[in-house]
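Q: Mind looking at a prediction? Sequence and model below.
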Amino acid sequence: MEGSNDQSALSVNANSIKITDVTQDGDALTFAITSQKLSSDNGSCVFRTYEDFDWLQQSLFSQEDIAGLHGVIFPPLPAKPLPSSSHTQAKALKLLGFLALGDNWQLYCKALEFYLQQVAAHSILGKSKLLPSFLSSTESPGNQRSKKSILDRFSHAVEEMRKESHKDVDQFFQNERESSTHMTVLFKATTEKFLDIVLANQRLSLACGHFSTSLRLCLSQDDLSVVASKIYLKLSDIMDAVKSNLDKVSENDVCTLGLGLDFESRYQEAKREMLFRRTCKLVELEAIIKNAEKAKPNKKVVMEKIQTITQKEFNLISSVAKEEIEWYHKARVIVLRDFLTRWCEKQLHTARESAALFSQHLEACRQFPV
């Protein structure tokens, strides 16, 4: 989802960021990333591992010089790809969902490409020097030790779960928290159900392929009549056509709506995490206010100063968060609409091709003697 604010202050052309290739060396994946700065016509190409992406995400979280950073909805980084030698398909699907499907990690590359584009297009994160360095430096940043991130400070332990249910002082954010919790569950369930449909189509395609092969094996029988041979051969061709249709439908599902649902599901979670960080700051502020009220006269001035600073921080976080949420509600409609449009267009094209092919097979079947 692209940021809606002025792009002139951003240093990297978000649309120019592409992952053009991926190479696998054992269990390690290396991604080739090309990009172009807004102030230059020259492009750059770097090679990054997942650890480098993780370094970038953690470094973006840790920018303590950016006021109101807790209110930012950080673009979600996909989960780390599992080594092929240490996982089953079921485990990979559970962790990565749609991103575990496809050939040569192309869908996963697309998700990483989306991630970088969202960071570059963000009105706050896009101004950071971290991304230009990530996209141009010849040295790998992944081995650098990142600072403790703001998310690390708010781990989802028992104490944090108590904060998560804390009543908000602002009804706007209370409504957003309730809506976000509900929508996160719905989108996760929708993504899982749609993935089940894709996997079911893939299993049907595999079965059609086996059936087609079995029919062709029957042609080798000596006592088979000429008519029976033609019927078996035609049935085999029809099953191949059905298999081809199922393969195309599955590919369309994965590359369009499947990828869109996965993207939206992860963004819903990112929004929920942002709201949780703001809630934690609210709990901290309320605790400071109580302590200031109970403070002895000799400590009251210091406590009131701390309260003022924390109140300003909380107000700024809330201001940034409200802008982020308003942008998010507009952007998500556009993004999901684009994914749905591409899905419908691809499936309509596939349906027309398959209908024409099936019509040919039907006409051929009518020529067989009764």
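A: Received it, and whenever you're ready, just let me know what you need. Numbering: from 1, shown residues only.
Q: need the strands for the stretch 51-200 of the chain, in chain order.
A: Here the stretch 51-200 of the chain has no strands by DSSP state E, counting those that start in this stretch.
Q: who are the neighbours in contact with the residue lying closest to Thr181 once chain neighbours are set aside?
A: Once flanking residues are discounted, Thr181 sits nearest to Arg272: 6.6 Å by Cβ to Cβ, 6 or more residues apart in numbering. All C-beta spots, glycine's among them, are computed from the backbone N, C-alpha and C. Residues in contact with Arg272 (Cβ atoms under 8 Å, 6 or more residues apart in numbering) are Arg177, Ser180, Thr181, Thr184.
Q: Which of those residues fall within helices?
A: Residues of these located in helices (DSSP state H): Arg177, Ser180, Thr181, Thr184.
Q: where in this structure is pLDDT low?
A: For the chain, applying pLDDT under 70 flags the ranges 1-10, 83-88, 142-162, 220-224, 370.
Q: And the residue nearest the centre of it?
A: Phe263 (3.2 Å; Cα atoms, centre = their mean).
Q: Which phi and psi values does Thr23 adopt?
A: phi -120, psi 150 (degrees, to the nearest 10).
Q: Could you do Ile66 as well?
A: phi -100, psi 120.
Q: State the phi and psi torsions of Ser140.
A: Torsion angles, degrees, to the nearest 10, at Ser140: phi -80, psi 130.
Q: The closest residue to Ile124 other than its chain neighbours - how many residues pack around it?
A: Among residues not flanking Ile124 along the chain, Val72 sits closest, at 5.8 Å (Cβ to Cβ, 6+ apart). A total of 24 residues lie near Val72 under the criterion other Cβ atoms under 10 Å.
Q: any idea how far Val72 is from Glu64?
A: Going from Val72 to Glu64 by Cβ to Cβ, to the nearest Å gives 13 Å.
Q: Mind listing the shared neighbours of those two?
A: Between them, Val72 and Glu64 share no contacting residue, judged by Cβ under 8 Å, 6+ apart.
Q: just checking, Ile288 touches Ile309?
A: No - proximity of Ile288 to Ile309 does not meet the contact threshold set by Cβ atoms under 8 Å, at 9.2 Å.
Q: neighbour count winner among the two?
A: Ile288 (19 against 11).
Q: residues touching the more buried one, list them.
A: Contacts of Ile288 by Cβ under 8 Å, 6+ apart are Met303, Ile306, Gln307, Thr310.
Q: ok, so of these, who is nearest Leu56?
A: Minimum distance to Leu56 across the contacts of Ile288 is 29.4 Å, recorded for Thr310 (Cβ to Cβ).
Q: neighbours of that closest one, just the number please.
A: 18.
Q: Leaving out sequence neighbours, find the closest residue to the residue nearest to the centre of the chain.
A: Phe114 (6.2 Å).
Q: returning to what we had before: list just the nearest of the contacts of Arg272 to Glu192.
A: Using Cβ to Cβ, those come closest to Glu192 at Thr184, 12.7 Å.
Q: which one's the longest helix in the chain?
A: helix 297-366.
Q: For stretch 248-265, what is the distance to the chain centroid?
A: 11 Å (Cα atoms, centre = their mean, to the nearest Å).
Q: ok, and what's touching it?
A: Taking Cβ under 8 Å, 6+ apart as the rule, stretch 248-265 contacts 97-99, 101-102, 107, 110-111, 114, 184, 187-188, 190-191, 194-195, 197-198, 201-202, 205, 332, 335-336, 338-340, 342-343, 346-347, 350, 353-354.
Q: mind redoing it with 6 Å?
A: For stretch 248-265, the external contacting residues (Cβ atoms under 6 Å, 6 or more residues apart in numbering) are 97-98, 101, 187-188, 191, 194, 198, 201-202, 336, 339, 342-343, 346-347, 350.
Q: and if you look at stretch 202-219?
A: Residues contacting stretch 202-219 (Cβ under 6 Å, 6+ apart): Ser229, Tyr232, Leu235, Ser236, Met239, Asp240, Val242, Lys243, Leu246, Asp247, Ser250.
Q: Using CSV, write out every CA atom in stretch 110-121.
A: Only the C-alpha atoms of stretch 110-121 are listed here, as CSV (Å, rounded to 0.1, in the frame of the first residue of the first chain):
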residue,chain,number,x,y,z
LYS,A,110,7.0,-10.5,-5.1
ALA,A,111,6.1,-10.2,-1.4
LEU,A,112,9.6,-8.9,-0.5
GLU,A,113,9.4,-6.5,-3.5
PHE,A,114,6.0,-5.2,-2.1
TYR,A,115,7.7,-4.8,1.3
LEU,A,116,10.5,-2.6,0.0
GLN,A,117,8.1,-0.6,-2.2
GLN,A,118,5.9,0.2,0.8
VAL,A,119,8.9,1.3,2.9
ALA,A,120,10.1,3.5,0.1
ALA,A,121,6.7,5.1,-0.5
